[in-house]
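*Asks:* Dropping the sequence and predicted coords here.
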Amino acid sequence: MNRIVVFCIALVMLGVCACSNNCYVPTRALLGVSFLNAETLQPQDVTDLVVKGVGSDSVLYDMPTAINVIYLPLKPDGSSTSFDISFKNTQNEELAGQYQLTVLHESYPQLISPECGCVMFHTIQGAQCSNASQTLQLEVYNPHVMNVENDVHLKIYL
Amino acid sequence: MMSTLKYTCSLLLILLCLPLCSQAQNTATATEAATVSSATEKQGAEVPVYQGTYLSLDIFNPVATIFNGGKFETYVSVDVSLWQRLFPVAELGFMAINQQQDSYKYASGGAFLKLGANYNFLNYRIDRKYDHIFYAGLRYACSVTGYQLTDAAMSDGYWQTAGTYSDAYRQAVFGWMEVLVGVRVQVYKQFFMGVALQVKTFGHYYHDATHYPTYIPGFGVDNGATSFGFLYHLTYQIPYKK
């Protein structure tokens, strides 16, 4: 009888130990955009980068220093998200200026875990970075925008 | 004359008894030798191939249901003892989830199948008193699940949006490898109790999955990394002629 009681207590304790109330994974899904040199295919730094979402008043990036990758939030509802981007290209001055990056995407909710909650994931269906006079060369490198930190999805060649 | 005859008969009787005594002694010695030899022979005898069939029932996961928010999972397994060394095993289980939270509703159900074998490192002699084993095992597992997330409440601080979102019903087929180490102890006659630690790795989908289930039957939460598990089961050994 004592063995049965000890066995039941151990079993309940193991069941309790199986639970965890902490979240250990990222809970945001951001679009990673990297700038590359069109000739060398190496990361290309840009300076004086300013990025703002079309329809929002907040600035996402205002970087006077060099940077070659940025992470942008896509709209949780709707099928497209646009950003106003301006920068100075240290290698090719002709490409410096203001552009609008438009991303076509399908959004769907994903339950990460009960502890982490839900995050909106996206599947990129198309993208374009252009202004009135020119369109930058762009590649959809990874169409799945999930809760992976420092993941690159679009590559813009300068 | 008569005395001589008595002595002669006595001598003859003694002479006749000597072989009988010797035979008896030889018989006793032979009996002891036979006993020792039998034991030695038994120890050195090969273990027959078939050493029993075991039916196991998971009891850890059903108890854990009380604490893990509406996820019910269990399995049954059957393994056969070959030479008390090798134990081919098949495991069949299922999972059902119906989580009704304020921030989301998640429903899922599915089944899994695991095939593999365990290798016993001790207590495999033919003269063993109990059938305890300490083993390491390998499995390949496959799981099929259907799932749906609805009424997921989310807000975005940058875009200043808030609302509830739902996804369509989806299905997924997932496979993985398992390595496990465990013990199974004979507690009473044909009843055993077993525990084991699992390492689940090399997870892969059978299709180009752009959508992923949160819970995978038999595997747990797929976060892209190696997963660990714990088994606790009761086992019944089908009686067999030893």
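*Replies:* Cool, got the structure.
*Asks:* Am I right that residue B:99 falls within a strand?
*Replies:* Yes. Counting by DSSP: H, G, I helix; E, B strand; the rest coil, residue B:99 falls inside a strand.
*Asks:* Quick check: bridge partners of it?
*Replies:* For residue B:99, the beta-bridge partners under DSSP bridges are residue B:106.
*Asks:* got the contact list for it?
*Replies:* Contacts for residue B:99 (C-beta atoms under 8 Å, 6 or more residues apart in numbering or on different chains) come out as A:114, B:69-71, B:105-107. Using the backbone N, CA and C atoms, a C-beta is placed for each residue, glycine as well.
*Asks:* Can you list the low-confidence ranges for chain A?
*Replies:* A:1-21, A:90 (pLDDT under 70).
*Asks:* Could I get the full set of strands for it?
*Replies:* Using DSSP state E, the strands found in chain A span residues A:30-36, A:46-53, A:59-63, A:69-73, A:80-89, A:97-113, A:117-130, A:137-140, A:144-145, A:154-157.
*Asks:* Output those strands in TSV; the columns should cover distance to chain B and mean neighbour count.
*Replies:* What follows is these, written out as TSV (distance: least, C-beta to the nearest C-beta, whole Å; neighbours: other C-beta atoms under 10 Å in any protein chain shown):
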stretch	distance to chain B	mean neighbour count
strand A:30-36	10	21
strand A:46-53	7	18
strand A:59-63	7	14
strand A:69-73	5	19
strand A:80-89	8	19
strand A:97-113	4	18
strand A:117-130	4	18
strand A:137-140	14	14
strand A:144-145	6	20
strand A:154-157	17	21
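*Asks:* Which one of these lies nearest to residue B:51?
*Replies:* strand A:97-113 (42.6 Å; C-beta to C-beta).
*Asks:* Give the partner strands of the closest one in its sheet and their orientations.
*Replies:* Strand pairing for strand A:97-113, using DSSP bridges, gives strand A:80-89 (antiparallel), strand A:117-130 (antiparallel).
*Asks:* between that strand and strand A:30-36, how big is the angle?
*Replies:* Interaxial angle, strand A:97-113 versus strand A:30-36 (axes from the mean of the first three to the mean of the last three C-alpha atoms, to 10 degrees): 140 degrees.
*Asks:* Could you check the angle strand A:97-113 makes with strand A:69-73?
*Replies:* 60 degrees.
*Asks:* how big is the angle separating strand A:97-113 from strand A:46-53?
*Replies:* On the basis of the same axes, to 10 degrees, strand A:97-113 is oriented at 60 degrees to strand A:46-53.
*Asks:* buried subset of the contacts of residue B:99?
*Replies:* A:114, B:71, B:105-107 (16 or more other C-beta atoms under 10 Å in any protein chain shown).
*Asks:* out of those, who's nearest residue B:190?
*Replies:* residue B:71 (31.7 Å).
*Asks:* what are the bridge partners for that closest one, then?
*Replies:* With DSSP bridges as the rule, residue B:71 is bridged to residue B:97.
*Asks:* Next up, the contacts around it.
*Replies:* Counted by C-beta under 8 Å, 6+ apart, residue B:71 has contacts B:65, B:95-97, B:99, B:215.
*Asks:* Pick out whichever of the residues you listed sits closest to residue A:127.
*Replies:* For these, the nearest to residue A:127 is residue B:215 (32.6 Å; C-beta to C-beta).
*Asks:* partner residues bridging the most centrally placed residue in chain A?
*Replies:* Centre of chain A computed as the mean C-alpha position; nearest residue by C-alpha atoms, centre = their mean is residue A:30, 2.0 Å away. Here residue A:30 sits in beta bridges with residue A:73, as judged by DSSP bridges.
*Asks:* Excluding chain neighbours, what is closest to residue 112?
*Replies:* Going with chain A. Excluding the flanking residues, the one nearest residue A:112 by C-beta to C-beta, 6 or more residues apart in numbering or on different chains is residue A:119, at 5.6 Å.
*Asks:* Actually, chain B is the one I wanted.
*Replies:* Leaving aside its sequence neighbours, residue B:112 sits nearest to residue B:218 (C-beta to C-beta, 6+ apart; 3.4 Å).
*Asks:* Could you give the number of residues near that neighbour?
*Replies:* Using other C-beta atoms under 10 Å in any protein chain shown, the number of residues around residue B:218 comes to 29.
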